[in-house]
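what's the 3D shape of this:
(2 chains)
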Amino acid sequence: MSQKIDLTQLNPEQLNAVKQQFDQELNHFTQSLQALIVAKNKFAECVSDIKTVSDDANRNQSLLIPASSSLYISGHIKDNTKFMVDIGTGYYVEKDSKDAIAFYEKKIEKLNNESTQIQNIIKDKSQSSLAIESQIRQLAVQQHEAAKKEATTTSK
Amino acid sequence: MSDLGAQYQKVQGDLEDLIMNRQKLETQLQENKIVTEEFETLQDDTPIYKLTGNVLLPVEQDEARGNVNKRLEFINNEIDRCEKNIKDKQGELDKLRGALMNQTK
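Prediction:
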């Protein structure tokens, strides 16, 4: 991204190649952004789940535990202040509700920061992509006019 | 000509595989880094569990830390190895490209 290329120096084939590359990158970043948003929503859901479960009214609350997608076992919450948090690579840590919420909120904040970064990159890239496209169009018009001129001069 | 071209394409494919591998390693590295960071914030008596298959097994904090550190070391080594391979492949690719250009001239 740091290197600057003068678009007017490129021929149509090169421009097309550059545009394709930009579009590819743009696609990649858009997908990444999507993934970040999905992850963020998941974490936000975790936070609200913790808040619900750790509510005083839900002490000893009975619930159905999914043993598989079609089999549920009834149970009740023994301790609604302790949560098992997946911290990655298969490791789980026991946290109380406050720590667990803080953990997820930190994650959400991190994802938010990364989302803004990616959004900025996407803005930059799409602007560049647009610039390239207009350059391609301009070149096509120029070529078209040159061809027309040539046609009229030869017909004279 | 087609021989060199085929070779060039093969090396290019190899390079792509290597780069994918490198990306996967990077993901693993980041995940493990997050885990170590999280371990640092724990109290000494916080229980840690490891997901094995479908069961959570309790593990000692020291053991968990040791495991993750060992894994980080391993991943870093793998990354170094992968980077070296990528560099080699890129050199090979450049050489092939040069040979191809000479041939088409």
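
all strands of chain A, in order?
Secondary structure of chain A (DSSP state E): strands at A:62-68, A:71-76, A:82-88, A:91-96.

Throw those into CSV and include mean neighbour count, thanks.
Just so you know, the C-beta spots here come from the backbone N, C-alpha and C atoms, and that holds for glycine as well. Below are the strands of chain A laid out as CSV (neighbours: other C-beta atoms under 10 Å in any protein chain shown):
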stretch, mean neighbour count
strand A:62-68, 9
strand A:71-76, 10
strand A:82-88, 17
strand A:91-96, 20
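
now these in a markdown table, please, with extra columns for distance to chain B and mean pLDDT.
Converted to a markdown table, the strands of chain A look like this (distance: least, C-beta to the nearest C-beta, whole Å; pLDDT from 0 to 100):
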| stretch | distance to chain B | mean pLDDT |
| --- | --- | --- |
| strand A:62-68 | 10 | 90 |
| strand A:71-76 | 14 | 93 |
| strand A:82-88 | 4 | 91 |
| strand A:91-96 | 4 | 92 |
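
mind listing what's buried in the helix or strand hosting residue B:10?
Assigned by DSSP states H and E, residue B:10 belongs to helix B:2-40. Going by neighbour count (16 or more other C-beta atoms under 10 Å in any protein chain shown), the buried part of helix B:2-40 is B:8, B:11, B:14-15, B:18, B:21, B:25, B:28-29, B:32, B:35-36, B:38-39.

also near chain A: which of the residues you listed, exactly?
B:28, B:32, B:35, B:38, B:39 (C-beta under 8 Å from any C-beta of the partner chain).

including pLDDT, could the residues you listed go into a markdown table?
As requested, those are exported to a markdown table (pLDDT from 0 to 100):
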| residue | pLDDT |
| --- | --- |
| B:28 | 95 |
| B:32 | 95 |
| B:35 | 93 |
| B:38 | 91 |
| B:39 | 92 |
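
so where's chain A uncertain?
A:1-4, A:155-156 (pLDDT under 70).

could you pull out the helices for it?
With DSSP state H as the criterion, chain A has helices at A:12-53, A:97-155.

of all the ones you listed, which one is nearest residue B:90?
Among the helices of chain A, helix A:12-53 comes nearest to residue B:90, with 18.2 Å by C-beta to C-beta.

is the helix or strand harbouring residue B:78 positioned near chain A?
Applying DSSP H and E as the criterion places residue B:78 in helix B:61-104. Yes. Using C-beta under 8 Å from any C-beta, helix B:61-104 comes into contact with chain A via B:64, B:68, B:71.

point out the residues in chain A that sit beside chain B.
So chain A meets chain B at A:84, A:86, A:87, A:88, A:89, A:90, A:91, A:92, A:93, A:94, A:95, A:103 (C-beta under 8 Å from any C-beta).

closest to residue A:77 out of those?
The closest of the residues of chain A next to chain B, once distances to residue A:77 are taken by C-beta to C-beta, is residue A:84, at 12.8 Å.

distance check, the residue most central in space within chain A against residue A:51.
Nearest residue to the geometric centre of chain A (C-alpha atoms, centre = their mean): residue A:33, 0.9 Å. According to C-beta to C-beta, to the nearest Å, residue A:33 and residue A:51 sit 27 Å apart.

list of residues touching stretch A:27-34?
For stretch A:27-34, the external contacting residues (C-beta atoms under 8 Å, 6 or more residues apart in numbering or on different chains) are A:115, A:118, A:119, A:121, A:122, A:125.

who wins on neighbours among these?
Within these, most neighbours by other C-beta atoms under 10 Å in any protein chain shown means residue A:125, with 19 neighbours.
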